[in-house]
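# Could you work out the structure for the sequence below:
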Amino acid sequence: MAIAIYSNVLDNGGISKFVYNMHHAFQKKNIKSEIVTFSADTIYGNNITLLSCTNHGNRIMKLRRFILDKDIDSIIANTWFEGLIAKLAAVFSGKKVKVISVVHIRPNLWGFSKNDILRSGVAKISLNLCDKVIAVSNELKEALIKEGWVNKKKITTIYNPVIFYEIKYHKIKYKDIKGKKNINIAVIGWIQPRKAQDIIIKAFSEVKDRNFTLNFIGGVEDKTFNDEVLRLIEDNKLKDKVKFWGARKDVFKILDQMDILVSASRGEALPTVMIEALYCEKPIISSDCDYGPKEILDNGKYGLIFKVDDYNGLAKCFNTMVNNNELYNKFLSLSQERSKLFTYDKAVKSYLEILK
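Predicted coordinates for the structure are as follows:
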């Protein structure tokens with residue numbers, strides 16, 4: 001079996017992280033895997049083919065040639081449009097190639113509305129032409145079915161491969177968070193409106209009785225929004241309580257230095273960083289956005305949840321967690337067990353059941 005993992009672009013974003021992780025997961029199981037892309041800001045590892053091309057017709061023909069040259073049996077595509085290109089390339093190759101389309105984000109973030117009849121129609125046709133559609137969370141799967149994007153018999157859920165390391169219980173036995181002089185808070189993700197760093201700044205401007213450092217880890221995607229975040233930091237006199245790390249690859253190493261992960265996202269699908277935090281035994285405070293966070297945290301069993309854009313609720317969750325050792329350590333003790341849902345071997349097994 002030879003599997004191609006196809007993404008139009010490789011960058012430092014979440015879909016690219018899935019591509020690299022899936023590739024690595026297959027390789028660890030000695031399954032032949034290739035990454036193919038048409039644009040790359042970053043390339044890590046081997047068995048990666050860059051087919052420089054911007055014209056969609058040429059992309060189809062170049063991908064067709066790649067299928068034949070590499071003797072590809074299956075293609076894992078990301079987004080509905082890549083699924084369409086992969087399906088057409090597979091047909092023109094003359095080979096029997098299975099095409100799977102992985103949906104990572106909510107339909108309302110695909111760049112067009114459901115009222116855009118032409119593009120929404122093509123998206124639906126593309127998804128249903130694929131041999132299988134994978135949603136990265138159950139909530140996302142149910143939304144795709146309910147909104148009529150894909151036939152329910154065509155779609156299933158497979159969690160992304162995030163954890164590649166043996167889970168050893170427990171690196172952290174107990175932490176006196178109530179007595180800690182300074183709380184290190186991880187905020188991981190691109191600086192952009194959907195990640196809602198503005199809500200985090202507003203929330204922590206209300207925290208008066210505990211010392212903390214907000215650690216923003218991730219690059220800037222939206223400069224205008226980044227300027228707004230910087231202004232909020234200045235206006236609320238939080239400059240000495242904020243650290244910007246920029247885009248980083250050593251997330252696990254950074255998380256080891258943190259006490260809590262905070263996510264205020266306005267929309268997700270399956271936020272990888274929350275799974276990484278579970279593995280690193282870092283209690284989580286998250287918004288209840290669609291989709292993914294509530295599913296990962298099992299509606300509050302594995303972390304605290306507040307309403308989207310409710311900065312008062314976030315501040316309250318933070319104060320509750322850091323002033324209650326019993327609650328904090330309960331989440332700490334449960335976190336690694338929860339992370340077992342997202343191991344690479346589970347993902348590989350699920351994909352192989354579809355591809356074989």
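# need the strands for the stretch 151-300 of the chain, in chain order.
155-157, 183-188, 212-217, 242-246, 260-263, 284-287 (DSSP state E, counting those that start in this stretch).
# In its sheet, which strands sit next to the fourth one, and in what direction?
Using DSSP bridges, the strands paired with strand 242-246 in its sheet are strand 212-217 (parallel).
# The strand it pairs with vs strand 183-188, what angle?
Between strand 212-217 and strand 183-188, the angle comes out at 20 degrees (axes from the mean of the first three to the mean of the last three C-alpha atoms, to 10 degrees).
# So residue 131 versus residue 75, what's the distance?
Using C-beta to C-beta, to the nearest Å, one obtains 9 Å as the distance from residue 131 to residue 75. Just so you know, the C-beta spots here come from the backbone N, C-alpha and C atoms, and that holds for glycine as well.
# Between the two, tell me which one has more neighbours.
Regarding residue 131 and residue 75, a neighbour count based on other C-beta atoms under 10 Å identifies residue 75 as having more, with 29 against 17.
# Give the helix, strand or coil label for that one.
strand (DSSP: H, G, I helix; E, B strand; the rest coil).
# okay, and for the chain, where does confidence drop off?
Low-confidence regions of the chain, defined by pLDDT under 70, span residues 114, 167-170.
# Please enumerate the helices of it.
Assigned by DSSP state H, the helices in the chain fall at 14-28, 56-70, 80-93, 117-129, 138-146, 197-204, 223-235, 251-255, 272-279, 293-296, 311-322, 325-339, 344-355.
# which of those helices is buried the deepest?
Mean neighbour counts were compared across those using mean count of other C-beta atoms under 10 Å; the top stretch is helix 272-279, at a mean of 25.
# contacts for that one?
Here helix 272-279 makes contact (C-beta atoms under 8 Å, 6 or more residues apart in numbering) with 14, 17-18, 160, 162-163, 165, 167, 186, 188-189, 251-252, 255, 261, 263, 284, 286, 292-293, 296-297, 302-303, 335-336, 338-339, 342.
# That one relative to strand 183-188, how many degrees between them?
With the same axes, to 10 degrees as the basis, helix 272-279 and strand 183-188 are set at 140 degrees to each other.
# Which neighbours do residue 131 and residue 75 have in common?
Taking C-beta under 8 Å, 6+ apart as the contact criterion, the residues that touch both residue 131 and residue 75 are 98-100.
# who's sitting farthest from the centroid in the chain?
Each residue of the chain has a distance to the centre, and by C-alpha atoms, centre = their mean the biggest one is for residue 94: 34.3 Å.
# any idea how far it lies from residue 64?
Separation of residue 94 from residue 64 (C-beta to C-beta): 9 Å.
# one step back: tell me how far the residue farthest from the centre of the chain lies from residue 65.
Relative to residue 65, residue 94 is positioned 12 Å away (criterion: C-beta to C-beta).
# How about residue 175?
Residue 175 sits 55 Å away from residue 65, taking C-beta to C-beta as the criterion.
# Equivalent analysis for residue 355, please.
22 Å.
# picking up where we left off before, now mean neighbour count and distance to residue 9 too, for the strands of the stretch 151-300 of the chain, in TSV please.
Output for those, formatted as TSV (neighbours: other C-beta atoms under 10 Å; distance: least, C-beta to C-beta, whole Å):
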stretch	mean neighbour count	distance to residue 9
strand 155-157	18	24
strand 183-188	23	21
strand 212-217	20	22
strand 242-246	15	20
strand 260-263	26	24
strand 284-287	26	27
